[in-house]
Structures are given as structure tokens and as C-alpha cells.
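**Student:** build me a structure from this.
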Amino acid sequence: MKSVLALTSAALLGGLATIVFLQLVPKARSSQLEVRTEQADVTPARLSAAFNRAARIVEPAVVHLTTLDVDEIGDAYGQTSGSGVIIDPEGYILTNYHVVGLANKIKVRLSDGTLLSGEIVGVDEEIDLAVVKVNHQRQLPVAKVGDSEKVIVGEWVLAIGSPFGLQQTVTAGIISAKERITDSNRSFQQMLQTDASINPGNSGGPLVNMAGEVIGINTQIATKTGGFQGIGFAIPSAIFMDAYHQIVTTGRVARGYLGIYPDKISPQFREVYELGDIEGALVHDVTETDGPAAQAGLKSGDVIVEFNGQKIRDDRDLIRRVTLSRPNTDIPVKYMRDGKLYSCTIKLAEREIPQTSARMRLPPVDTILGRRPRLERSPNPKESSEATAERINDKLGISIAPLSPLRARSLGYTTTAGVIIRSVQNNSIAHDAGLRDGDLILQVNRKAINSQEDYFAAVKQLKPGDSVVFFVEQRSRGVVTKRFRSLTIPL
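**Tutor:** As a prediction, this is how the structure comes out:
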């Protein structure tokens, strides 16, 4: 029986280790690398002393949270517990949204055992963050927040919290990876990955660098058992501090929205579109005709190379910069199109929070537009160009069919240009590249495909080892979007 790998929030429910299922940077400066290279030469005793020092700096500011929902007659239910960290002397505490939810009673236990009442200032459900404030008559210990942008893979870190209710537990590990996306619907959640031990109850606690600075808030683990298996995730400070400041200032979080489907630049796309060593984010499609990007003139195939004066490395870099920008802000953008550099100004809209429950209620595709018709093989005899195309198609693992008006309507397309992919073999090169049954091919290596003959002519030119970029329309749950799919003709 195969085990299922689940992303689990590391919280305690009702005092027990209950699994909670969640839906699922820049290069380091040379000086930072030099500093950390010197640290790598320390003896075990010095390394232990460094761990001890970092823990002693932060531990006083780490708290244990217990929540209860109390009804109108005073009955308590829904108890949860987790961790948090004080980052402001006014009593502001960072923790996870899944730890406190919208509880109406929160108890905060300080590191010295003092028990205080807390109240929720605001939450950011999208990144699983909550800000809690305690009322106090004393000076509170405060943790310093570091810069997650400067963190490098392999750097030592500590996780501090209350796993299984064991308060002030310190574990050590390294940064295993950066910019991990654990929820495709929230791709700006670019987590820090660590192998420092994180278990239920660690949720909301700090991930700390060797300077004793909080560079992450622990929030998820990847596990087959519900316990720690070497992979944990923390919200980077660059993301949670932006949300924190907005919550404290306005009580809510607003994120910028550009209105595109971005992606990384594939090697094949780079070759076919002659981009050289240009870095940036590829625009697959614009999300709506009246969205910010569409109104500014951006189109499929554009490569955004600069956003608000900052060079863009890839799609994740762009996503992060957009979501950290404020709505209704005018942002200068530079992009490449057909080998030329263009500039425009885009007024960002506000990102809408995805309604997960609403998405789950959508009926299957077959009940939205009717069952997809079976696409039978055309009986027309092959011509020489078609024979060449079919040999290439066999290598790629696809077969194609012409697009009639009736077939276009039945598949949800508004055009009759292009050819339809009749079938894609599982585990084929085309399948691995993201091509699927029913996709509409509009271009092959920048050549427009208006008919089956256009497709045969374009594919006939390809040789083993050539890069190929298909520009297609794809339908998912009744929504049609454009996509670039890249692959290489096998030898």
C-alpha cells in the first residue's frame, strides 16, 4: 500500500497531535558567502556555542498559545495550541492563522510562565499568518526580525517552539531550499525549506539564523506519518513582515495583482525566440481583457524583464514583487517582444483571495460543457508532408485533428484557427511538457497554425534534437487560457 505525502500544519488540536491538512531569492552577495565560509571552519565546540547563543537571544520572546472558542453560554470548545514570537514591545505576536483561527479566547504563556490574555489584531489567511496582541503591565522580551532575502541554502538555523506541548524546545538544521511553493493557488508563498525538526505544536514559532534573528515563521511539514520526516517549511520574513505591517496599520492585507499567467523561460523558448542570456518572466496569457496587464498592452509571449526599476530573474521573482506591491500603484514595466525592448506603466489591481470552497463545488468538466467528444483519426490519405508530421507526432506521443466549427464549440473554443490535439500518450515527451488531449495548437515555433496543412508544413521542418515551442489554448473547468509548451524532438 502506497503512502501519501501530505503537507501538514504543525499545530496541536485538543492537546493531541492531530493532523491538519492545508491546501496546498536573490543571489547571495559575495561578502555573505565569505562570512559563512569562515563560520564553516569553526570547531564543534564553537558551533555548539553559536547554537546556544542564538537560542538564548530568541527564547525569551517565544510564547506558547492556547485558544478556545467560547459560546454565548460560556461553554468552551475547539481547543488548539501552538507557538508564537513577540516582535514588538507593544505586545504584538506573530503566529499562524491555523493556530488561532478566529478564536474568541486566546491564552499566551510567556517563556517565564506568565499567563496573559491575547486578542487577534488581524489575519492573513493566504500566507497562514495571524497577529495577536497581549495586554501587559511589564516590559516584554522582543525578538529581532532578520532579512530572509540574505539567507543562503546550507545556512544553519534553529526552530523554537512547543512541539507536542513541550515549550521552549530548540532544534537545529539548515536551510534546505528557498522559494518552495506548497500551494499552486498561492504561488507567492515562496517558503523557506528546512530540515530542523518541526512537529505539531511548532506552528507559529520562529525559524532563527545564527545571529539570533527571526527569518521565518514555521508553518508546514511534508509528512507521510503526521510527524517530522526531515522537511519543514517556514514563511520568509520578507513576506510575513509586509503582511504584519499592513495588519497593524490597516487591519487587513492587500496585495497587488498584475493579471497574467507567468512562467519561467524554458531553454527551448529561449532558443526559438532568440532571447540569448536575457532573464525575465514569460507571459503565457493575460487573465482578462480589462485586467491591468491587458490594459497596458501586454500579450502572450512577452517577457517581463524589469518591474518597478528592479531586474526580474524569473516568474517567481516577478510574482513576489507584484504581491508585495500595493494595489492602485502605477508601476513602470519593461518587457521584450519580438526581440525589441518596450516600456509601459501598469496600474496594479488588488488580488482577490481564492475561494477554495467555491472551487471545490465546481462540477466536473463533462457536466459544464457536455462530455468531450471522442476525436477519431482522420481517414484522409497521408501526403508526404503529413507523413513527416506523423513521424514527428509519434516521437512526441501526440496525434492531431482539424478543428471544425462544431468541434470548436463542443470543446469551448471561440476560434476555428489551429489544430486540435486528439490524444497525448501518458509518459510521452508531449505529456511531460504539459500538452493534453483537446489542446488547441495555435503556433509552432512562432509560425501561425490556421489549418492542418499549416501544422504539417511547420512540423516537416523539424529535425531530431530541435527545440520546439507550441503555443496552445487549454481548457480547464470551462476556462480557456493560452500556454507555451516547450520540448525537444528526440533523437
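**Student:** mind listing the helices for the stretch 51-200 of the chain?
**Tutor:** 97-100 (DSSP state H, counting those that start in this stretch).
**Student:** all strands of the stretch 251-400 of the chain, in order?
**Tutor:** 256-257, 260-263, 281-286, 303-307, 310-311, 330-337, 340-347, 349-350, 398-402 (DSSP state E, counting those that start in this stretch).
**Student:** can I get these in a markdown table including distance to Ala243 and mean neighbour count?
**Tutor:** To be clear about C-beta, it is placed using only N, CA and C from the backbone, and glycine gets the same treatment. A markdown table is the format used below for the strands of the stretch 251-400 of the chain (distance: least, C-beta to C-beta, whole Å; neighbours: other C-beta atoms under 10 Å):
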| stretch | distance to Ala243 | mean neighbour count |
| --- | --- | --- |
| strand 256-257 | 13 | 21 |
| strand 260-263 | 21 | 22 |
| strand 281-286 | 23 | 25 |
| strand 303-307 | 20 | 21 |
| strand 310-311 | 20 | 12 |
| strand 330-337 | 20 | 17 |
| strand 340-347 | 22 | 13 |
| strand 349-350 | 14 | 16 |
| strand 398-402 | 44 | 20 |
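**Student:** quick one: closest of those strands to Asn209.
**Tutor:** strand 310-311 (24.3 Å; C-beta to C-beta).
**Student:** what number of residues lie near Glu279?
**Tutor:** 15 (other C-beta atoms under 10 Å).
**Student:** now it: closest residue in space that isn't a chain neighbour?
**Tutor:** Arg313 (5.3 Å; C-beta to C-beta, 6 or more residues apart in numbering).
**Student:** distance of that neighbour from Asp242?
**Tutor:** 19 Å (C-beta to C-beta, to the nearest Å).
**Student:** rebuild the strands of the stretch 251-400 of the chain as CSV, extending it with mean pLDDT and distance to Ser486.
**Tutor:** Formatted as CSV, the strands of the stretch 251-400 of the chain follow (pLDDT from 0 to 100; distance: least, C-beta to C-beta, whole Å):
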stretch, mean pLDDT, distance to Ser486
strand 256-257, 94, 27
strand 260-263, 94, 10
strand 281-286, 96, 10
strand 303-307, 98, 14
strand 310-311, 96, 23
strand 330-337, 97, 17
strand 340-347, 96, 22
strand 349-350, 94, 30
strand 398-402, 90, 14
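**Student:** give me the low-pLDDT residue ranges for the chain?
**Tutor:** 1-42, 70-78, 354-385 (pLDDT under 70).
**Student:** can you list the domains in it?
**Tutor:** 1-253, 256-350, 359-488 (automatic domain parsing).
**Student:** chain center to the shortest one, what's the gap?
**Tutor:** Taking the mean of its C-alpha atoms, domain 256-350 sits 17 Å from the chain's own mean (C-alpha atoms, centre = their mean, to the nearest Å).
**Student:** closest to Ser410 out of the strands of the stretch 251-400 of the chain?
**Tutor:** Comparing those by C-beta to C-beta, strand 398-402 comes nearest, at 12.5 Å.
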